[in-house]
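Undergrad: need a structure here:
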Amino acid sequence: MTSTEKQDAQHGEFRKFLPDLDTPRFHAIAKNDAYGHAKELLEHHRPPWLYGLYVHWRKLFEEPFKGVTNDGTVRPSLFPIRDEGIPIASIVAAAHAITSQLSPAQAAKTTLHIDSPEWRTWSNPEFLLSDKGIRLESLTPPLRTSVLALLEATLSPEGYAKALAAMRINHFLGELVNAPRVMNEHSYNFVLFGTPAVDKPWGFSFYGHHLCLSVFLYKTQIVVSPWFTGAEPNCIDEGPWKGTRILHEEERLGLLLMQSLGEGEREKARTYVKMKDEKMPKGRWNHDDQRHLCGAYRDNRVVPYEGVVVASLGAEQRELVRKILGQYLLYLPEKSRELKLEDCEEWFGETYFSWIGGYADDDPFYYRIQSPVVIVEFDHHSGVFLANSEPAKFHIHTLLRTPNAGDYGFALRRQIGASVAQEYVWEG
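TA: Numbers count the residues shown, from 1 in each chain. Model (predicted):
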């Protein structure tokens, strides 16, 4: 059996864990649309564990943005303003095609200030916790097409294909659990920050269940961070999109890297043996993020370095790290991706690879690659809609953060603001 066939067999096991839809939980979600489903959480506090997490998230949101760090101190001068070659004129034209179709009411909800704190109110559960912007499923077909055209103009071709695949897998899950009005191909919100222009900073957020993208643009430079991409299951085995799957390369390359390490290196990389280990300190695991540290609302989290230093590894292992990071930077257009990969390589002396779980072919696992300029996380999850109580390879969460205030283009916005202020003083 080839590795691809083995992966397909593992991921196809999700059919053993299809839930009992004849339960109150699934009766409730089947009768609701996204707004009714959110009301269950926000007004009726169901489910209680997620409502508690939501309350905690809102407290975190009240903190001024600082950025993820490894020790609580933001390191300056890591992210230069530069030419990354993105087709900004085409992207701006695609954005104007959206704004020209918005009604006054839609525009009021959709176009926010460039420095709005609402950049940070994305989240990956299916509950619509932040109803800003426009929602694809509620739009006219021309306007919905225009939003997707902006995504296509902004992302790399392979990144756009990955985003579409995540949306289609979300639709597939909605069909599996009889919740098509809550989880479907178009159950995503879109919001603009700033005014689209070729020479001024602006951006947008596109978010919903298992796909959240924060995109900042300035001239020919782009930041896609933070982003979250997940799938439950991570493959479609029937219907018009049969054969669609995502996140398998991140899985394959991560496992290959761990298995290629020497015994001493593996021991150093492996921070916990079990996926939910009794040695984990309080807060290291939670019901929603499980092993993830840098998910929604964790904009200011302190994440200490742990694991093995990438620069200490052999050439083969360093190349695997580069390939993994290439997958995590896939949303970026090619030139921007290559420049950011070069940034990452420059910091391999302070880049750490860490692992949780087993590393046999069939084992579920978590890994993180962390440096001053990037954090990526991969996690096999237990079931949320499917009934597997233990982490399984068919339910995957991945995310990327740019630490040291790089998220949401914040570090660049500070520089742009300072530059504008200097020009104003000089002209004055």
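
Undergrad: how about the strands in the stretch 301-428 of the chain?
TA: Using DSSP state E, counting those that start in this stretch, the strands assigned to the stretch 301-428 of the chain run over residues 308-309, 352-357, 365-370, 375-380, 396-401.

Undergrad: Pull out the buried positions in stretch 249-265.
TA: 250, 251, 252, 253, 254, 255, 256, 257, 258, 261, 265 (16 or more other CB atoms under 10 Å). C-beta coordinates here come from the backbone N, C-alpha and C atoms, glycine included.

Undergrad: Could I get the CA-only coordinates of it as PDB?
TA: Extracted in PDB, the C-alpha atoms of stretch 249-265 (Å, rounded to 0.1, in the frame of the first residue of the first chain):
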ATOM      1  CA  GLU A 249       1.000  17.300   3.300                       C
ATOM      2  CA  GLU A 250       1.400  19.200   6.500                       C
ATOM      3  CA  GLU A 251       0.700  15.900   8.300                       C
ATOM      4  CA  ARG A 252       3.000  13.800   6.100                       C
ATOM      5  CA  LEU A 253       6.000  16.200   6.200                       C
ATOM      6  CA  GLY A 254       5.700  16.700  10.000                       C
ATOM      7  CA  LEU A 255       5.700  13.000  10.700                       C
ATOM      8  CA  LEU A 256       8.500  12.500   8.200                       C
ATOM      9  CA  LEU A 257      10.600  15.100  10.000                       C
ATOM     10  CA  MET A 258       9.900  13.500  13.500                       C
ATOM     11  CA  GLN A 259      10.700  10.000  12.200                       C
ATOM     12  CA  SER A 260      13.900  11.200  10.600                       C
ATOM     13  CA  LEU A 261      15.400  12.600  13.800                       C
ATOM     14  CA  GLY A 262      18.000  10.700  15.800                       C
ATOM     15  CA  GLU A 263      17.000   9.200  19.100                       C
ATOM     16  CA  GLY A 264      18.400  12.100  21.200                       C
ATOM     17  CA  GLU A 265      16.900  14.700  18.900                       C
END
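
Undergrad: Could I get the average pLDDT for it?
TA: Stretch 249-265 carries an average pLDDT of 98.

Undergrad: how far does it sit from the chain's center?
TA: 22 Å (CA atoms, centre = their mean, to the nearest Å).

Undergrad: now do stretch 93-109
TA: The answer for stretch 93-109 is 25 Å, by CA atoms, centre = their mean.

Undergrad: ok so, going back, out of the buried residues of stretch 249-265, which is nearest to residue 120?
TA: Ranked by distance to residue 120 (CB to CB), the buried residues of stretch 249-265 are led by residue 250 at 24.8 Å.

Undergrad: Now do the contacts for the closest one.
TA: Neighbour list for residue 250: 324, 327, 328, 378, 396, 398 [criterion: CB atoms under 8 Å, 6 or more residues apart in numbering].

Undergrad: Could you dump those into JSON lines with pLDDT, neighbour count and distance to residue 41 added?
TA: Below are these laid out as JSON lines (pLDDT from 0 to 100; neighbours: other CB atoms under 10 Å; distance: CB to CB, whole Å):
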{"residue": "324", "pLDDT": "99", "neighbour count": "22", "distance to residue 41": "35"}
{"residue": "327", "pLDDT": "98", "neighbour count": "20", "distance to residue 41": "33"}
{"residue": "328", "pLDDT": "98", "neighbour count": "24", "distance to residue 41": "30"}
{"residue": "378", "pLDDT": "99", "neighbour count": "25", "distance to residue 41": "27"}
{"residue": "396", "pLDDT": "98", "neighbour count": "25", "distance to residue 41": "24"}
{"residue": "398", "pLDDT": "98", "neighbour count": "22", "distance to residue 41": "24"}
